[in-house]
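>>> Quick check, what structure comes out for this input:
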Amino acid sequence: MKYVCGPCGYEYDEAAEGTLFKDLPDDWVCPICGAAKDAFNPA
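Reported below is the predicted structural model:
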């Protein structure tokens, strides 16, 4: 599954990254704009 950052559009692809989005640490942020996990939506 893929998740998209609302503020900047960065796409987190679970298959490519090898880690489920839900398993990322709570303090994980978007590597592009620094938005929190809750700013991401399923693509």
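>>> now the residue at minimal distance from the centre of the chain: how far from residue 30?
Most central in the chain under Cα atoms, centre = their mean is residue 12, positioned 4.5 Å from the mean C-alpha point. Going from residue 12 to residue 30 by Cβ to Cβ, to the nearest Å gives 8 Å. For glycine as for every other residue, the C-beta is placed from the backbone atoms N, C-alpha and C.
>>> Need the overlap of contacts for the two.
By the contact definition Cβ atoms under 8 Å, 6 or more residues apart in numbering, residue 12 and residue 30 are jointly contacted by 5, 40.
>>> how many other residues sit next to residue 18?
By the criterion of other Cβ atoms under 10 Å, residue 18 has 7 neighbours.
>>> so the residue nearest to the centre of the chain sits in a helix?
No - read with DSSP: H, G, I helix; E, B strand; the rest coil, residue 12 is strand and lies in no helix.
>>> If I follow the layout properly, it ends up in contact with residue 3?
Yes - between residue 12 and residue 3 there is a contact under Cβ atoms under 8 Å: 4.6 Å.
>>> Overlap in contacts, these two.
Joint contacts of residue 12 and residue 3 (Cβ under 8 Å, 6+ apart) are 21, 40.
>>> which residues of this structure fall in helices?
14-17 (DSSP state H).
>>> isn't residue 14 right up against residue 22?
No - between residue 14 and residue 22 there is no contact under Cβ under 8 Å: 9.2 Å.
>>> who are the neighbours in contact with residue 9?
For residue 9, the contact set (Cβ under 8 Å, 6+ apart) is empty.
>>> so what's the backbone phi/psi at it?
Phi and psi for residue 9, reported as degrees, to the nearest 10, are phi 90, psi 0.
>>> How much space separates it from residue 20?
21 Å.
>>> Likewise for residue 32?
For residue 32, the distance to residue 20 equals 20 Å [Cβ to Cβ].
>>> where do the strands sit along this structure?
Along the chain, counting by DSSP state E, strands occupy 2-5, 11-13, 40-42.
>>> Next, the buried residues of the first one.
Of the residues in strand 2-5, those with enough neighbours to count as buried (16 or more other Cβ atoms under 10 Å) are 3, 5.
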